[in-house]
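1. Fold the following and give me the result.
(2 chains)
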Amino acid sequence: ETGVTQTPRHLVMGMTNKKSLKCEQHLGHNAMYWYKQSAKKPLELMFVYNFKEQTENNSVPSRFSPECPNSSHLFLHLHTLQPEDSALYLCASSQVGLMIANEQFFGPGTRLTVL
Amino acid sequence: GQQVMQIPQYQHVQEGEDFTTYCNSSTTLSNIQWYKQRPGGHPVFLIQLVKSGEVKKQKRLTFQFGEAKKNSSLHITATQTTDVGTYFCAGGSGSARQLTFGSGTQLTVLP
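-> All right, here's what the predicted structure looks like:
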């Protein structure tokens, strides 16, 4: 248990469906992240929220829509996805420091399959 | 943008042999972190290096940060089957809010 939970753990959806991934951190951190991990590819940073404000959006397609209602919760809303979006979606949190990036705590991930 | 390259991509070793993975950044880093991801699991933080030339040890694991703060290595002495997994380096730069992850080295230990 890292203090970061994600639901659901597995999700299968069609290309016309709308679904949401949920992440919750119980560590009192002030930053949360969404990563995409595909087979044989490095971790791809998708979104960063710092103090509930989105500070990074690494050219992610608009079919992925993040939401951060408070510093403990993070959502990733999905709609009209493509089969190539199938991957492990990891949420992470950290305590942002002034000088360096602190360690990130990852949730167990949501294994997404788009049919 | 910043790029972090990691080699090798895969490594198979016999149990008891040593293992090393290398990480190189295109830019000077403020710090570097190492994570381990077991098969079917998620990345778990191992260690952070901040100082130029820093060396840290965790039992059989030795982590180094280069003098120029652009490269790093993880060395495992006498591997065990419990060392199986993918090892990622992650470099931090000017922004304190994100890390750039390397592509990872997948380690297989043969009994």
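
2. Just give the nearest non-adjacent residue to the closest residue to chain B within chain A, would you?
-> In chain A, the residue found nearest to chain B is A:A101; the distance is 3.6 Å by Cβ to the nearest Cβ. Every C-beta, even on glycine, is put in place using the N, C-alpha and C of the backbone. Leaving aside its chain neighbours, A:A101 sits nearest to B:G92 (3.6 Å; criterion: Cβ to Cβ, 6 or more residues apart in numbering or on different chains).

3. The worst-scoring helix or strand of chain A on mean pLDDT packs against which elements?
-> Ranking every helix and strand in chain A by mean pLDDT, DSSP states H and E puts strand A:53-57 at the bottom, with a mean of 71. Contacts defined by 3 or more Cβ pairs under 8 Å, 6 or more residues apart in numbering or on different chains; DSSP states H and E place strand A:53-57 against strand A:44-50, strand A:64-70.

4. and if we set it to 6 Å?
-> strand A:44-50 (3 or more Cβ pairs under 6 Å, 6 or more residues apart in numbering or on different chains; DSSP states H and E).

5. Identify each buried residue in the strand it packs on, please.
-> Under the neighbour-count criterion of 16 or more other Cβ atoms under 10 Å in any protein chain shown, strand A:44-50 has A:45-50 buried.

6. Secondary structure element for the residue nearest the centre of chain A, which one?
-> Central residue of chain A (Cα atoms, centre = their mean): A:W34, 2.5 Å from the mean position. In this assignment (DSSP states H and E), A:W34 forms part of strand A:31-37.

7. next one: B:S73
-> Going by DSSP H and E, B:S73 is in strand B:71-76.

8. Pairing partners for the very next helix or strand once past that strand, with directions?
-> Note on strand B:71-76: by DSSP H and E, the next helix or strand toward the C-terminus is strand B:85-92. Using DSSP bridges, the strands paired with strand B:85-92 in its sheet are strand B:31-37 (antiparallel), strand B:99-101 (antiparallel), strand B:105-110 (antiparallel).

9. Distance from the chain centre to the longest one, please.
-> It refers to strand B:31-37. Distance, stretch centre to chain centre, for strand B:31-37: 5 Å (Cα atoms, centre = their mean, to the nearest Å).

10. after that strand comes which helix or strand?
-> Next element after strand B:31-37 (DSSP H and E): strand B:44-49.

11. Let me know whether that next one sits next to chain A.
-> Yes: using Cβ under 6 Å from any Cβ of the partner chain, strand B:44-49 reaches chain A at B:F45.

12. Before I go, just wanted to say thanks for your time.
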